[in-house]
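A.B. asks: dropping a prediction and its sequence here:
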Amino acid sequence: MLGLNLRVECPYFATFRKPTTTSIILTYLIPPYTTIRGMLSNALGLPRDDYRVQEWFKIGIKPLRFSKSREMAKILKLKGTGETYQKSFPSSPIFREFLVEPSYEIFLVGDNSKITEVYSALKNPSRPLYFGGSDEIVDLDVFEPTKVEEKEVSELRCVVEGIYEGCVVEKVPYKFVKVGKNFDVEYKTVSIPVKEPIKGSFKAVHFGDWGDIWVG
């Protein structure tokens, strides 16, 4: 079994918008799994609404640095079909949260051939990569694929599914699920360690010098 480690840095700002917010734009502290898969799909050059990457990898997230701030933004409110839009309400100023120079380590575990394919794509992406908004550029370090193994551990310093003490708990978008002709979003509740490691009994994947990571 192969694993792949990415170090992702946004050199300026990033916003991982919570889709249920309207009168204020709130951000997740970590990139949703859907955002990570979108970046991988972009590197591979896959067309819009091609979600095959969802089945390729389990994903682990380790926050390295994030600091939340807020600004006043003027938002243009539009409605439409996607092909055309029309202005439905006057523009209005609202508060928008953003993360200042956030940095994460992203871990992928999957089939050897898929790990090798996405490694090559990230080293030479088909399209420019971004993280969050389309104007939020990303600085990416991609390390060579490595053999990984599962193990039982009692503490972790990465994002873990479930609710644990001393953490920030977020319900983040995990994957897209087709419902009829449309797609719905499946969410996953995770705990994000702040200062101390998360303690418990976990099945994790050992990534060598990068430590033990929960992947899901």
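C.D. replies: In hand now; what should we look at?
A.B. asks: centroid residue for this protein?
C.D. replies: By Cα atoms, centre = their mean, the chain has its centre lying nearest to residue 31, at 2.9 Å.
A.B. asks: what's the closest non-adjacent residue to that residue?
C.D. replies: Once flanking residues are discounted, residue 31 sits nearest to residue 16: 5.5 Å by Cβ to Cβ, 6 or more residues apart in numbering. The way it works is simple: take the backbone N, C-alpha and C, and place the C-beta from them, glycine included.
A.B. asks: right, and that neighbour touches residue 30 too?
C.D. replies: Yes. Under the criterion of Cβ atoms under 8 Å, residue 16 makes contact with residue 30 at 7.2 Å.
A.B. asks: sketch out the low-pLDDT regions of the protein for me.
C.D. replies: 76-91 (pLDDT under 70).
A.B. asks: would you list every one of the helices in it?
C.D. replies: Along the chain, the segments classed as helices by DSSP state H run 33-44, 112-123.
A.B. asks: I'd like to know which of these lies nearest to residue 60.
C.D. replies: helix 33-44 (10.1 Å; Cβ to Cβ).
A.B. asks: I would like the residues contacting the closest one, please.
C.D. replies: 16, 50-51, 53-54, 57, 59, 61, 106, 108, 117-118, 121-122, 125-127, 129-132, 138, 172-176, 185, 188 (Cβ atoms under 8 Å, 6 or more residues apart in numbering).
A.B. asks: let's see that with 6 Å instead.
C.D. replies: 53, 54, 59, 106, 118, 121, 122, 125, 127, 129, 173, 174 (Cβ atoms under 6 Å, 6 or more residues apart in numbering).
A.B. asks: of those residues, grab the buried ones for PyMOL.
C.D. replies: Entered in PyMOL, the line below selects the buried ones among those, by 16 or more other Cβ atoms under 10 Å:
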select buried, resi 53+54+59+106+118+121+122+125+129+173+174
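A.B. asks: from the contacts of helix 33-44, which land in strands?
C.D. replies: Among the contacts of helix 33-44, the members falling in strands (DSSP state E) are 59, 106, 173, 174.
A.B. asks: hmm, the last one is touching residue 188, no?
C.D. replies: This means residue 174. Yes. Residue 174 lies in contact with residue 188 (Cβ atoms under 6 Å); the separation is 4.0 Å.
A.B. asks: quick one: stretch 101-119 to chain centroid distance?
C.D. replies: Stretch 101-119 has its C-alpha centroid displaced from the chain centroid by 12 Å (Cα atoms, centre = their mean, to the nearest Å).
A.B. asks: buried ones in that stretch, by neighbour count?
C.D. replies: 102-110, 114-115, 118-119.
A.B. asks: hang on, the earlier thing: can you lay out the contacts of helix 33-44 as a markdown table showing distance to residue 147?
C.D. replies: Listed next are the contacts of helix 33-44 as a markdown table, based on distance: Cβ to Cβ, whole Å:
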| residue | distance to residue 147 |
| --- | --- |
| 53 | 22 |
| 54 | 24 |
| 59 | 18 |
| 106 | 18 |
| 118 | 16 |
| 121 | 20 |
| 122 | 19 |
| 125 | 25 |
| 127 | 30 |
| 129 | 26 |
| 173 | 30 |
| 174 | 26 |
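A.B. asks: tell me the one of the ones in strands among the contacts of helix 33-44 nearest residue 6?
C.D. replies: residue 106 (4.4 Å).
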